[in-house]
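1. Dropping a prediction and its sequence here:
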Amino acid sequence: MRDTSALPATLRTEVRPIDPHRLGPLIGAERLEALLQTATDVRRRLGARRIVNVNSTATGGGVAEMLATLLGYARGVGIEAEWLVIEGGPEFFEVTKRVHNGLYGSPGDGGQLGPRERAIYERTAVANIQAIRAEIRPGDVVIVHDPQPAGLIGPLIEHGASVVWRCHVGYDGMNEWTERAWAFIRPYVESAQGHVFSRELFAPTWIERSRMRAIPPSIDPFTPKNTELEPAEVEGLLGAAGLLAVDHQPTRPRVTRRAEIIREGGPPESNVPLVIQVSRWDRMKDMVGVLEGFVAHVDSPAHLVLAGPAVMGVSDDPEGEEVWDETCAAWSRLPLVARSRVDLAAIPMADPVENALVVNALQRHASVVVQKSLAEGFGLTVAEAMWKSRPVVASAVGGIVDQVLDGETGLLVQDPHDLAALGAAVQRLLDDPEEAARLARNARDHIAEHFLGDRHLLQYAELLTELLRAD
Ligand code: UDP
């Protein structure tokens with residue numbers, strides 16, 4: 001008998017069915033009907049086959065966020081949708097983070113992507129394959145998300161699955177880092193029967209165009225991240241997390257864990273205009289740039305909150321702690337007056353619902369939401385803020401430009417490194433509440449039209465239909 005002790009306990013993540021009818025009041029009868037009709041077609045086409053998703057984390061970051069919802073809706077219409085999470089050690093995630101950064105056009109930690117890294121990467125694929133294969137039947141459609149589990153694509157095709165590689169990251173151009181990362185990942189992903197990118201521009205030239213689709217992500221209005229909250233509740237949640245000064249605490253708080261906060265003095269009062277950026281602690285999100293742009297170019301009394309997950313919470317993100325430390329160091333270097341206008345908050349991940357409610361409340365309370373990414377696949381945080389009718393200032397990179405139409409649904413900063421332009425855009429919105437409100441209203445309509453789950457599911461349905469027809 002084979003010794004299986006070294007194999008990882010591949011994690012089957014629970015998917016809770018969600019009834020898509022709840023989208024009805026937001027998308028209208030016609031869109032709902034189209035969704036239900038398509039679901040019936042897909043179910044019939046699939047027969048006994050299942051849709052199995054494979055990624056590398058069940059919590060933290062946009063992919064996990066979206067899978068929970070989309071697979072929930074799929075289950076809600078009777079489609080067998082599964083979610084498996086591969087396991088890997090720190091060395092593996094160091095390598096995949098380098099690939100991930102490379103696909104964003106960045107050197108990341110500056111380390112190699114040579115034979116040693118390839119060996120580490122392949123060892124993890126091999127260590128996961130047996131447990132993953134045990135969960136997948138020949139004929140199943142497997143959607144493999146991002147570079148981390150891509151080493152499983154070949155073995156899964158051999159196993160008889162139809163495999164789609166869904167890449168959530170991307171860069172608007174090419175540079176030495178994208179070239180290097182694509183060269184590393186190409187041998188694993190090229191053979192997939194379908195490829196999905198958030199934008200067509202993200203696909204390298206060797207991806208077979210006839211099997212490629214551009215499918216942008218979506219948000220779900222009913223998750224704790226996006227659900228409606230009354231203003232009093234927003235304040236209560238932020239007070240409980242330690243992010244806002246509040247007079248009284250709710251008797252039955254939905255949030256019990258305080259964020260770890262780096263600040264000078266007490267929390268901001270509720271009438272102080274808040275400018276926020278919520279992101280993972282990732283260099284691509286340039287938290288330090290937001291901090292520097294804010295203190296140099298935005299006037300008092302606005303206060304900045306930079307918030308992200310408590311760094312130990314995101315298992316596939318080894319750089320989180322470093323970037324948190326770098327942001328804290330940049331904060332420490334500020335003069336006292338500037339320091340007292342900026343809070344850094346690490347929001348606990350122990351309870352994903354609590355974490356989501358705090359992010360939701362922060363986004364709702366903000367006067368301006370910033371997303372100053374240097375590169376971005378899509379930027380769910382942008383869609384989340386826009387859905388909440390918040391005015392957004394974001395850099396004109398990646399999928400952000402599909403969401404923020406400059407001067408219409410928010411403000412874009414063309415050069416993501418231009419701190420003065422960032423500050424000026426934020427100041428403009430703080431100084432002109434009417435203009436901010438107009439952009440915010442348009443923002444909500446834009447998300448309702450283009451970035452809710454029904455559009456996303458219909459595009460996946462088209463892809464599946466084609467894939468199954470080709471079988
Ligand atoms: N997020 C969160 N808690 C945090 C920070 C971020 O739940 O403390 C969420 C955020 O609300 C969004 C996702 O993580 O839903 C990040 O997705 P995005 O596309 O913006 O960036 P990614 O992390 O995928 O690069």
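-> Received it, and whenever you're ready, just let me know what you need.
2. count of residues packed around residue 50?
-> Residue 50 is flanked by 18 other residues according to other Cβ atoms under 10 Å. Where C-beta positions appear, they are placed from N, C-alpha and C, glycine not excepted.
3. Now the element after the helix or strand residue 179 falls within, going C-ward?
-> Element membership for residue 179, per DSSP states H and E: helix 176-189. Next helix or strand after helix 176-189 toward the C-terminus (DSSP H and E): strand 194-197.
4. can you list contacts of that following strand?
-> Strand 194-197 has contacts (Cβ atoms under 8 Å, 6 or more residues apart in numbering) with 143, 162-167, 170, 189, 203, 207-208, 211-215, 463, 466-467.
5. what's whichever helix or strand comes after it packed up against?
-> Going down the chain from strand 194-197, the next helix or strand is strand 212-214, by DSSP H and E. In terms of contacts (3 or more Cβ pairs under 8 Å, 6 or more residues apart in numbering; DSSP states H and E), strand 212-214 is packed against strand 194-197, helix 453-470.
6. Retrieve the pLDDT associated with residue 256.
-> If you check residue 256, the pLDDT there is 82.
7. where's the helix holding residue 179 relative to the chain centroid, distance-wise?
-> Relative to the chain's own centre, helix 176-189 is displaced by 22 Å; criterion: Cα atoms, centre = their mean, to the nearest Å.
8. still on that earlier bit, pull out whichever of the contacts of strand 194-197 are also neighbours of the ligand.
-> By Cβ under 6 Å from any ligand atom, no member of the contacts of strand 194-197 lies near the ligand.
9. Return the residues in contact with the residue in the chain positioned nearest to the ligand.
-> Closest contact between the chain and the ligand, by Cβ to the nearest ligand atom, is at residue 62 (2.9 Å). Applying Cβ under 8 Å, 6+ apart, we find residue 62 in contact with 168, 217, 377-378, 380.
10. Likewise for residue 336?
-> By Cβ under 8 Å, 6+ apart, the neighbours of residue 336 are residue 264.
11. again with residue 173
-> By Cβ under 8 Å, 6+ apart, the residues touching residue 173 are residue 105.
12. Wait, a helix at it?
-> No: assigned with DSSP: H, G, I helix; E, B strand; the rest coil, residue 173 falls outside any helix and is coil.
13. That one and residue 421: what is the separation?
-> Distance, residue 173 to residue 421, by Cβ to Cβ, to the nearest Å: 20 Å.
14. ok and the host helix or strand of residue 447 relative to helix 453-470, angle-wise?
-> Assigned by DSSP H and E, residue 447 belongs to helix 433-450. Between helix 433-450 and helix 453-470, the angle comes out at 30 degrees (axes from the mean of the first three to the mean of the last three Cα atoms, to 10 degrees).
15. Would you mind listing what in the stretch 251-400 of the chain touches the ligand?
-> Checking the stretch 251-400 of the chain against the ligand by Cβ under 6 Å from any ligand atom, the hits are 278, 280, 307-309, 347, 355-356, 359, 378-381, 384.
16. what do you get for the stretch 51-200 of the chain?
-> Proximity of the stretch 51-200 of the chain to the ligand is confined to 61-62, 65 under the rule Cβ under 6 Å from any ligand atom.
17. Low-confidence regions, the protein specifically.
-> 1-10, 249-253, 313-316, 471 (pLDDT under 70).
18. If we use 80, what do you get?
-> For the chain, residues meeting the criterion pLDDT under 80 lie at 1-10, 59-61, 248-253, 311-318, 470-471.
19. List the residues that contact residue 387.
-> 219, 221, 226, 443-444, 447-448, 451.
20. Just the buried ones from those residues?
-> Buried members of the contacts of residue 387, counted by 16 or more other Cβ atoms under 10 Å: 219, 221, 226, 443-444, 447, 451.
21. now for the helix or strand where residue 294 lies, which elements pack on it?
-> Assigned by DSSP H and E, residue 294 falls within helix 287-297. Identification of packing neighbours for helix 287-297 by 3+ Cβ pairs under 8 Å, 6+ apart yields strand 274-278, strand 303-309, helix 320-332, strand 342-347, helix 419-431.
22. Show me the contact partners of the second one.
-> When contacts are defined by Cβ under 8 Å, 6+ apart, strand 303-309 is touched by residues 60, 243, 259, 268, 272-281, 285, 287, 290-291, 294-295, 298, 320, 324, 327, 341-347, 349, 355, 358-359, 362, 366.
23. Just give me how far it sits from the chain centre.
-> Taking mean C-alpha positions (Cα atoms, centre = their mean), strand 303-309 and its chain are 17 Å apart.
24. mind exporting it as CSV, just the C-alpha atoms?
-> Output of strand 303-309 as CSV, limited to C-alpha atoms (Å, rounded to 0.1, in the frame of the first residue of the first chain):
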residue,chain,number,x,y,z
HIS,A,303,-8.9,61.2,8.1
LEU,A,304,-7.4,58.2,6.3
VAL,A,305,-8.1,54.6,7.2
LEU,A,306,-6.0,51.9,5.5
ALA,A,307,-7.6,48.6,6.3
GLY,A,308,-6.7,45.0,5.4
PRO,A,309,-6.9,41.6,6.8
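25. ok so, going back, from residue 219, how far out is the residue of the chain closest to the ligand?
-> 9 Å.
26. Likewise for residue 124?
-> 31 Å.
27. was I right about residue 268 contacting residue 261?
-> No: the pair residue 268 / residue 261 is not scored as a contact, 10.9 Å apart, by Cβ atoms under 8 Å.
28. ok, residue 379 touching residue 371?
-> Yes: using Cβ under 8 Å, residue 379 is in contact with residue 371, at 5.5 Å.
29. neighbour-wise, which of those two wins?
-> Taking neighbours as other Cβ under 10 Å, residue 379 and residue 371 compare with residue 371 leading, 30 against 27.
30. Test of understanding: give the bridge partners of the more buried one.
-> Legend: beta-bridge partners of residue 371 under DSSP bridges are residue 394.
31. check contacts around it.
-> Counting by Cβ under 8 Å, 6+ apart, residue 371 has contacts 277, 279, 285, 379, 381-382, 385, 392-395, 400.
32. For the spatially closest residue to residue 327 that is not a sequence neighbour, the count of nearby residues, please.
-> Spatially, and ignoring its direct neighbours in sequence, residue 327 is nearest to residue 287 (4.7 Å; Cβ to Cβ, 6 or more residues apart in numbering). Applying other Cβ under 10 Å, we find 24 residues neighbouring residue 287.
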